[in-house]
Structure formats: structure tokens, C-alpha cells
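Peer 1: Next come a sequence and a model predicted from it.
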Amino acid sequence: MESLAFADAGGDKASRYRELAPQLAALVAGEPDLVANLANAAAAIRACVRATSWVGFYVLKHDELVLGPFQGNVACVRIALGRGVCGTAASERRTVIVPDVEQFAGHIACDSGSRSEIVVPIISRGELVAVLDLDSYELAAFDELDAQGLAPIAELLGTLAW
């Protein structure tokens, strides 16, 4: 398998997302292990999205989100549905972009350095199975272009064996 070299990849954000989708699809093709696929996805996304300080997954288990594979500092382990940015995105089944986490009521500060966040729900066979969470130490690091770029990634991840 070829190495994913997004850290050194040129181009703008949109072109990096266009490169990420097919490379991630090739990376998970034929691999049945969910944890391995999510771990590689977190690493690939972190390399692609330069502003990130943390990239990871919270998997829905017994009506709460539980920490899954990630890249970055240690993180909160359990998040209730409807709580924080992850819980809100999960309960509302929509992407949530937060330019300034200090302005988001109920934000859960797993890393006190985080300043902005985007969370994308992952749906499998019509059911929420997880969320993809990206944090940044920069204010307003994520925008609609990130939401559009991460949507097909979340859709691809929804096709994995959950």
C-alpha cells in the first residue's frame, strides 16, 4: 500500500479533501476490522486537515458516545447524547461547526487548548453509529468547506462493518 502523505501535500483544503476520499476508500477496502479502519482513518484525516489538534471517533454504545480510535491528546471517554458538541451532533444527526468553543453552551473541554471544533455524524443503514470529531487550537479553523469535505468521508465510514 502506498503511503498517505497529506502532511506534505500541496494544494488547497478542497483539493486535499478530494485526495483523501479515494485514498481512504482504498485504505479500508477489504479490511474487516472496524477498530483498525477507524484508527487509520483518524491518522489520514489528521494528516489531511492541517488545522487539527485532535481527530477521532466517538462510537454509540448503549445510548452514549464512547471514545474510539483517535489521534491527539488524551480525551474524554464517555459523552451523553445531547451533551457538548459531539452529543449535540449525535442527537440531532447533523454536522455541527463551532468556530469558538467558548461560545458553545455546554462545551466539554477535554483539552483546554481547543478553540474550535467540527463534528460529523456517521450513519450506517439509517442508524447513527458514531461521530467523527475534529478539534483545533485555532479559532474558526473549520467551515462549510470542511463539512462538505468530511461528509463523503463519514458516508464511507458508515459502510464499514459496524
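Peer 2: That came in fine, so what should we check first? Computed from a predicted model, the values in this text were never measured in an experiment.

Peer 1: what about residue 111, distance to residue 83?
Peer 2: Separation of residue 111 from residue 83 (C-beta to C-beta, to the nearest Å): 16 Å. No exception for glycine: its C-beta is placed from N, CA and C like everyone else's.

Peer 1: what number of residues lie near residue 25?
Peer 2: When counting by other C-beta atoms under 10 Å, one arrives at 13 neighbours for residue 25.

Peer 1: ok, it to residue 122 distance?
Peer 2: The gap separating residue 25 from residue 122 is 15 Å, by C-beta to C-beta.

Peer 1: which regions of the chain lie under the pLDDT threshold?
Peer 2: Within the chain, the segments meeting pLDDT under 70 span 1-10.

Peer 1: quick one, strands of it?
Peer 2: Per DSSP state E, the chain carries strands over the ranges 52-61, 64-71, 78-80, 96-98, 116-124, 127-136.

Peer 1: So which of those strands is nearest residue 14?
Peer 2: The closest of these to residue 14 is strand 116-124. By C-beta to C-beta, the value is 15.3 Å.

Peer 1: tell me the centre residue of the protein?
Peer 2: Centroid-nearest residue in the chain: residue 132, 2.7 Å away (criterion: C-alpha atoms, centre = their mean).

Peer 1: Distance check, it against residue 105.
Peer 2: 22 Å.

Peer 1: Quick one: neighbours of the residue nearest to residue 38 when sequence neighbours are not counted, just the number.
Peer 2: Of all residues not flanking residue 38 in the chain, residue 69 sits nearest, at 4.2 Å (C-beta to C-beta, 6 or more residues apart in numbering). Residues contacting residue 69 under the criterion other C-beta under 10 Å number 18.
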